[in-house]
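Enquirer: the amino acid sequence is not available; the structure is as follows:
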């Protein structure tokens, strides 16, 4: 069966914005209206998300990492020893430091009513038990609007924060190291690095494949933990004194190359059943991870030919993973500099480049122009297979309002975007069904599909169940038995 079309030529676009500091341009914080003194306040982020919701956007993503931001790796002003994609950064004239993305999303959740909230999570150095609990909590406090943007990291400095592993330190004068680092950057980790004292991991494409395999296991454990409580596991009957039905809590018994996790979770099943997992992908290995793991993908094409190629690879990976009949929207990422006329947008971008000291480039295509011109481009790219777009505002204090108050009305006039929210969950916005609980289905004797993710513990193949996948928790754990959770790395 061919995969369902994520978007017909006449159906509304999905639109999201990616929130990062003062904006995606490194000099954005120096623009009028950027509010650099407010970057680490709750009110700043609440205001951004409120503006995005005013524009009826599907969701916002919150950028995050486990290391400080870095400058463009090949900036000409750097000495040769630093001009490497994985070299550490020493600039002091750009925004450095972040708030935790999951906590920011949880803080703004009660202040919003409809927009999806998708914080970034780095799978490489985090435990799936902790992530499943955090995102399930976000889904509860937002009443079903949570997702996560799953990333991998080959950064040496991030590995050094944890001491569990090391990645080989690149030699800037070694051509193969430069090629491998470029591959890592193009494969989805656009951040940079340093190292620690454990046995080295494989370099380049092999490293990305290994980290992607680990991320697939990470996502599978997270999904199983979300399902480890059935929807009606909580009785909460004051008259009988029963709060919980222990027969409806399940061990997940995941045993894989990267994680051994007993379960169950300590957090009840999220309102969406499964919050939305999204991935940003640039080339073949991440496309394969998307096909195996994601509910929604973001890609970085620069023209319609690249759109078609990326979508075709994702659909092939989706079919290879046994998911050909599942809806998996693909969104195009674009950096945008928007003004009422093209000359003003061009001048503003040039001014920002001057402040940064060099012309800024990005993994995603950069659009400079008017909201109407951008609407033309989005509708031109849509027939090549995109279900919508995730826009990265060059300067949040300026370009976000150009999206919500300029682009959105323009798309509405063309019949290409909603006039009101039609759903109150992120899955609803994206047209994704609420998945059945795999363990409830198995317990009732039905097929063990459990909706989109029924998975075995092994990475790389269709998710078709697997050994030791989810016994019930009769009577709860006793002395000497596993407690809820219990994540162990082999």
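Expert: Everything's here; your move. This is a predicted model, so every value here is computed, not measured.
Enquirer: quick one: contacts for the residue nearest to residue 57 when sequence neighbours are not counted?
Expert: Spatial nearest neighbour of residue 57, excluding adjacent residues (CB to CB, 6 or more residues apart in numbering): residue 15 at 5.0 Å. No exception for glycine: its C-beta is placed from N, CA and C like everyone else's. By CB atoms under 8 Å, 6 or more residues apart in numbering, the contact set of residue 15 is 55, 57-58, 388-389, 391, 403, 407-408, 411, 417.
Enquirer: return the member of the residues you listed nearest to residue 377.
Expert: Nearest to residue 377, judged by CB to CB, of the contacts of residue 15 is residue 389 at 9.3 Å.
Enquirer: neighbours of that closest one, how many?
Expert: 23 (other CB atoms under 10 Å).
Enquirer: my read is it is in a helix, agree?
Expert: No: counting by DSSP: H, G, I helix; E, B strand; the rest coil, residue 389 is not part of a helix but strand.
Enquirer: residue ranges with poor pLDDT in the chain?
Expert: Applying pLDDT under 70 to the chain picks out residues 1-10, 71-89, 168-204, 444-490.
Enquirer: quick one on the thing from earlier: quick check on the contacts of residue 15: which are buried?
Expert: The neighbour count (16 or more other CB atoms under 10 Å) marks 55, 57-58, 388-389, 391, 403, 407-408, 411, 417 as buried among those.
Enquirer: which elements pack onto the longest helix along the chain?
Expert: The residue-count maximum for a helix in the chain (DSSP state H) belongs to helix 204-227. Applying 3 or more CB pairs under 8 Å, 6 or more residues apart in numbering; DSSP states H and E, one finds that helix 204-227 contacts helix 128-141, strand 147-151, helix 175-186, strand 254-255, strand 260-261, strand 276-281, helix 284-293, helix 438-443.
Enquirer: ranges for the strands of the stretch 351-490 of the chain?
Expert: 365-369, 388-393, 487-488 (DSSP state E, counting those that start in this stretch).
Enquirer: return the most buried member of the ones you listed.
Expert: strand 388-393 (a mean of 26; mean count of other CB atoms under 10 Å).
Enquirer: residues touching that strand, excluding its own?
Expert: With CB under 8 Å, 6+ apart, strand 388-393 has contacts from 7, 13-18, 20, 23-24, 58, 61, 298, 329, 331-336, 362, 364, 378, 399-400, 402-403, 407.
Enquirer: was I right about residue 23 contacting residue 403?
Expert: No: using CB atoms under 8 Å, residue 23 is not in contact with residue 403, being 11.9 Å away.
Enquirer: out of the helices and strands packed on helix 204-227, which gets nearest to residue 225?
Expert: Nearest of those to residue 225, taken as CB to CB: helix 128-141 at 3.9 Å.
Enquirer: who are the packing partners of the closest one?
Expert: helix 101-108, strand 116-122, strand 147-151, helix 204-227, strand 487-488.
Enquirer: if the spatially most central residue of the chain is in a bridge, with which residues?
Expert: For the chain, the residue sitting closest to the mean C-alpha position, by CA atoms, centre = their mean, is residue 149 at 1.3 Å. For residue 149, the beta-bridge partners under DSSP bridges are residue 120, residue 278.
Enquirer: relative to residue 66, which of the helices and strands packed on helix 204-227 is closest?
Expert: Going by CB to CB, the one of these nearest residue 66 is strand 147-151, 9.7 Å.
Enquirer: show me what that closest one is packed up against.
Expert: Using 3+ CB pairs under 8 Å, 6+ apart, strand 147-151 sits against strand 116-122, helix 128-141, helix 204-227, strand 276-281.
Enquirer: what about 7 Å?
Expert: Other elements packing on strand 147-151 under the criterion 3 or more CB pairs under 7 Å, 6 or more residues apart in numbering; DSSP states H and E are strand 116-122, strand 276-281.
Enquirer: how far out from the middle of the chain is the last one?
Expert: On the basis of CA atoms, centre = their mean, to the nearest Å, strand 276-281 is displaced by 4 Å from the centre of the chain it belongs to.
Enquirer: buried residues in it, which are they?
Expert: If you call a residue buried by 16+ other CB under 10 Å, then strand 276-281 has these buried ones: 276-281.
Enquirer: of all the residues you listed, which comes closest to residue 33?
Expert: residue 280 (27.5 Å).
Enquirer: isn't that closest one up against residue 290?
Expert: No: using CB atoms under 7 Å, residue 280 is not in contact with residue 290, being 9.1 Å away.
Enquirer: one step back: quick one: contacts for the residue nearest to the centre of the chain?
Expert: 61, 118-121, 278, 280 (CB atoms under 7 Å, 6 or more residues apart in numbering).
Enquirer: do residue 31 as well
Expert: Neighbours of residue 31 in contact, by CB under 7 Å, 6+ apart: 395, 397-398.
Enquirer: with residue 108 instead?
Expert: Contacts here follow CB under 7 Å, 6+ apart; on that basis residue 108 touches 45-46, 49, 117.
Enquirer: biggest separation within those, which pair?
Expert: 46 and 117 (11.5 Å).
Enquirer: pick out whichever of the two has more residues nearby.
Expert: For residue 46 versus residue 117, neighbours defined as other CB under 10 Å are more numerous around residue 117 (28 against 17).
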